[in-house]
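Participant: Below is the structure, and that's it, no one-letter string:
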């Protein structure tokens, strides 16, 4: 896509979301709010309607299948307003109802139990026929490629790559995942939950870009990694894991040690986070913050010890 076409996306998306929210002849005082503006997705809200322009390389057939999954499970995933994407300046656009996001300023109210129960229910649903693999491992591999391209000489890069190469091929997106039947979100974190109807409706999962079939433990891997790196309080981790197990989530055993299943995905998410931290800090010319240093330090510890499937990776 040309730079001109890319620059045209935001104003065109504003017009699209306004027309989707109400007829153009209707008097309107609602402002447009840009919720995200990145290379992999631009999101604009107008009144109670949200429009998302997906990444330029998004496969239309795969995105349509992901929309089908969301439409089929509206009690788990936020359902789109339209069943198929629309073209816009070389991008695909989807339309959604607005939902209230998690408040980052009240971490004590974070919906860990609700997120876990939604995941457990998602993992038990049959995926649409032809749904592609969930994109978790592919995104981790993209983060490593970005690290190699932007910060090959950073002092932490070799340590991160050593940790990366301890992972099995499937976790590096170099081989098929060992599970090809379980419906997965692919990129679970608290930013992927909203209340709908806003402001206090039930919680729903959002963002279907990485939805697909694969290893369900990947959806638990980010909070597991945060816990293992000391970034998530043990009580929050216990609440999340216990709620998932009580909801009959298939990713981990209902009883006993979950780490034989979680270890590899948690390591992969830690490496991904560290790679992005170095790439972003290098591009911005800024030092790492405390959380970024924690994931980089974890990679240093992981690099010398292959996954032993015995517990949270070495302290």
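Facilitator: Cool, got the structure. A quick note: this is a predicted structure, and the numbers were derived from the prediction, not measured.
Participant: How confident was the prediction at residue 256?
Facilitator: Model confidence at residue 256, expressed as pLDDT, equals 87.
Participant: Make sure residue 193 is actually in contact with residue 116.
Facilitator: No: with contacts defined as Cβ atoms under 8 Å, residue 193 does not count as touching residue 116, sitting 10.9 Å away. Heads up, the C-betas are built off the backbone N, CA and C, glycines and all.
Participant: residue boundaries of the helices in the stretch 1-150 of the chain?
Facilitator: Counting by DSSP state H, counting those that start in this stretch, the stretch 1-150 of the chain forms helices over residues 3-21, 60-72, 112-123, 136-150, given from the N-terminal end onward.
Participant: C-terminal to the last one, what's the next element?
Facilitator: Secondary structure here is assigned by DSSP states H and E; on that basis, the next helix or strand after helix 136-150 toward the C-terminus is helix 157-165.
Participant: Which strands or helices does that following helix pack on?
Facilitator: Packing partners of helix 157-165 (3 or more Cβ pairs under 8 Å, 6 or more residues apart in numbering; DSSP states H and E): helix 136-150, helix 259-284, helix 290-303.
Participant: between the ones you listed, which gets nearest to residue 52?
Facilitator: When the helices and strands packed on helix 157-165 are compared by Cβ to Cβ, helix 136-150 sits nearest residue 52, at 17.1 Å.
Participant: Quick one: list the elements packing against the closest one.
Facilitator: Taking 3+ Cβ pairs under 8 Å, 6+ apart as contact, the helices and strands that helix 136-150 lies on are helix 157-165, helix 218-228, helix 259-284.
Participant: residues of the shortest one that come out buried?
Facilitator: Pointing back at helix 157-165 there. By neighbour count with 16 or more other Cβ atoms under 10 Å, helix 157-165 contains the buried residues 157, 159-161, 163-164.
Participant: Please apply the same query to the last one.
Facilitator: Residues of helix 259-284 classed as buried under the neighbour-count rule (16+ other Cβ under 10 Å) are 259-279, 281-282.
Participant: Likewise for stretch 29-42?
Facilitator: With burial defined by 16+ other Cβ under 10 Å, the residues of stretch 29-42 counted as buried are 32, 41-42.
Participant: so which of those comes closest to residue 58?
Facilitator: residue 41 (9.2 Å).
Participant: In contact with the closest one, which residues?
Facilitator: The contact partners of residue 41, taken as Cβ atoms under 8 Å, 6 or more residues apart in numbering, are 52-55, 209.
Participant: switch the cut-off to 6 Å
Facilitator: The neighbourhood of residue 41, defined by Cβ atoms under 6 Å, 6 or more residues apart in numbering, consists of 52, 54.
Participant: What's opposite it in the beta bridge?
Facilitator: With DSSP bridges applied, residue 41 shows beta-bridge pairing to residue 38, residue 54.
Participant: Before we move on, what's the pLDDT of it?
Facilitator: For residue 41, the model assigns a pLDDT of 91.
Participant: cool, and residue 305?
Facilitator: Residue 305 is assigned a predicted lDDT (pLDDT) of 68.
Participant: try residue 265
Facilitator: For residue 265, the model assigns a pLDDT of 97.
Participant: let's have the chain start at 73 instead
Facilitator: I'll keep to 73 as the first residue from here, and by that count the last item is residue 337.
Participant: coming back round to it: closest one of the buried residues of helix 229-237 to residue 257?
Facilitator: Nearest to residue 257 out of the buried residues of helix 229-237 is residue 236 (Cβ to Cβ; 22.7 Å).
Participant: Quick check: closest non-adjacent residue to the closest one.
Facilitator: Ranked by Cβ to Cβ, 6 or more residues apart in numbering and with sequence neighbours excluded, the top spatial neighbour of residue 236 is residue 343, at 5.0 Å.
Participant: what sits against that neighbour?
Facilitator: For residue 343, the contacting residues are 235-236, 371, taking Cβ under 6 Å, 6+ apart as the criterion.
Participant: okay, those residues in a markdown table with distance to residue 176 and pLDDT next?
Facilitator: As requested, those are exported to a markdown table (distance: Cβ to Cβ, whole Å; pLDDT from 0 to 100):
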| residue | distance to residue 176 | pLDDT |
| --- | --- | --- |
| 235 | 28 | 95 |
| 236 | 29 | 96 |
| 371 | 25 | 94 |
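Participant: how about CSV for the helices and strands packed on helix 208-222, with distance to residue 109 added?
Facilitator: Written out in CSV, the entries for those read as follows (distance: least, Cβ to Cβ, whole Å):
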stretch, distance to residue 109
helix 229-237, 28
helix 290-300, 23
helix 331-356, 16
